[in-house]
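Visitor: Sharing a model prediction with you, sequence too.
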Amino acid sequence: MNTIERLFGLQDEVAVVTGAGRGIGEGIAKVLAGAGARVVVAARRTSEIERVAEEINSAGGTAVPLTTDVTDPQAVRALAQAGIREWGKLNIWVNNAGGSPLQVPLTELPVDEWHATMALNLTAVWEGTCAAAAVMEDGGRVINISSIAADMVVPGSGHYSAAKAGVNALTRTFAHELGPRVRVNCIMPGAVPTEIMMKAMQLKDEDLPGFEKMIRLPAGRLGTPEDLGAAVLYFSSKASEWVTGQCIKVSGGG
């Protein structure tokens with residue numbers, strides 16, 4: 001085994017990725033599978049996770065779909081058992097499911113939307129991490145997907161920013177409480193044109209070149225799901241064995 005395979009290979013590892021039916025979650029699942037991990041692909045939309053799992057399997061990887069609502073604690077606990085049921089263990093858990101399509105000032109935000117945003121973006125991360133940690137052996141890894149909005153003032157998205165700031169705090173606290181048995185890290189994506197981002201910012205495909213030019217990222221382009229998958233691969237692999245409790249921006253310099 002060469003150095004790259006030793007540091008970044010995930011052969012014989014089992015991973016769970018939530019929100020993996022499309023967008024960033026799909027990219028993460030495919031990158032982890034490409035590195036050798038066996039992946040449980042989880043999301044609410046059955047048809048989407050079945051497609052992602054089939055594409056991974058057709059490409060020579062190994063994946064199974066499991067329809068999961070991460071705001072249902074019982075479903076989350078069942079998801080944590082899925083890898084054990086299929087392959088006897090759970091090594092990697094990615095809390096990716098999240099988002100909020102609504103942009104509105106905080107004083108006008110419906111209380112139901114506040115609670116829904118917290119349930120999906122913050123409480124589900126806590127539930128998922130607890131469920132994963134309960135069944136992981138030494139060397140487990142949890143990777144949370146936050147947002148650069150956690151460190152920014154984004155008028156109209158204060159509820160989402162607050163939830164993601166909470167994810168960053170959970171990351172650091174879990175890293176201390178679960179270490180050294182389980183490492184916990186976080187990535188903060190920037191502008192990746194997913195369905196949720198496009199809806200929240202009222203963008204269409206034809207608007208993206210202008211949007212890209214307007215934000216003038218140092219990296220020169222918008223992000224892709226594979227960009228985020230690569231960052232998750234780092235935190236999932238032996239290459240980051242001495243890294244825990246970190247929240248890093250993967251945002252093209254934004």
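Guide: Alright, I've got the coordinates.
Visitor: which other residues reach the longest helix that the chain contains?
Guide: Using DSSP state H to define each element, the chain has its longest helix at helix 158-178. The contact list for helix 158-178 (Cβ atoms under 8 Å, 6 or more residues apart in numbering) reads 95, 98-100, 105-106, 109, 113-114, 117-118, 120-122, 125-126, 129, 133, 140, 142, 144-147, 149-154, 182-186, 188, 244-247. Yep, even glycine has a C-beta here, placed from its N, CA and C like the rest.
Visitor: list the contacts for the spatially most central residue of the chain?
Guide: The chain has Asn96 as the residue nearest its centroid, 2.4 Å off, counting by Cα atoms, centre = their mean. Counting by Cβ under 8 Å, 6+ apart, Asn96 touches Val17, Thr18, Gly19, Ala20, Ile24, Gly25, Ile28, Ile145.
Visitor: What about the contacts of helix 158-178, which are in strands?
Guide: Within the contacts of helix 158-178, residues falling in strands by DSSP state E are Asn95, Gly140, Val142, Asn144, Ile145, Val182, Arg183, Val184, Asn185, Cys186, Met188, Cys247.
Visitor: Which pair of these spans the longest distance?
Guide: Across the ones in strands among the contacts of helix 158-178, no pair lies farther apart than Gly140 and Met188, at 21.7 Å, counting by Cβ to Cβ.
Visitor: more crowded one of those two?
Guide: Met188 (23 against 19; other Cβ atoms under 10 Å).
Visitor: Return the residues in contact with that one.
Guide: Ser146, Ser147, Ile148, Ala150, Asp151, Lys164, Asn168, Cys247, Ile248, Lys249, Val250, Ser251.
Visitor: Please report how far it lies from Gly223.
Guide: 11 Å (Cβ to Cβ, to the nearest Å).
Visitor: tell me, what's touching those two both at once?
Guide: In contact with both Met188 and Gly223: Val250, Ser251, using Cβ under 8 Å, 6+ apart.
Visitor: Let me see the contact set for the nearest residue to Gly254 once chain neighbours are set aside.
Guide: Using Cβ to Cβ, 6 or more residues apart in numbering and skipping the chain neighbours, the partner closest in space to Gly254 is Gly190 (4.5 Å). Residues in contact with Gly190 (Cβ under 8 Å, 6+ apart) are Ile148, Leu217, Gly223, Lys249, Val250, Ser251, Gly252, Gly254.
Visitor: now Ala239
Guide: Leu7, Phe8.
Visitor: Closest to Lys89 out of the ones in strands among the contacts of helix 158-178?
Guide: Closest to Lys89, out of all of the ones in strands among the contacts of helix 158-178 and judged by Cβ to Cβ, is Gly140, at 9.4 Å.
Visitor: Which of the contacts of Gly190 fall within strands?
Guide: Lys249, Val250.
Visitor: would you turn the contacts of Gly190 into a markdown table with distance to Phe8, neighbour count and pLDDT?
Guide: Shown next, in a markdown table, are these (distance: Cβ to Cβ, whole Å; neighbours: other Cβ atoms under 10 Å; pLDDT from 0 to 100):
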| residue | distance to Phe8 | neighbour count | pLDDT |
| --- | --- | --- | --- |
| Ile148 | 25 | 18 | 96 |
| Leu217 | 26 | 16 | 78 |
| Gly223 | 20 | 22 | 84 |
| Lys249 | 21 | 17 | 97 |
| Val250 | 16 | 18 | 95 |
| Ser251 | 22 | 20 | 88 |
| Gly252 | 22 | 21 | 88 |
| Gly254 | 26 | 16 | 81 |
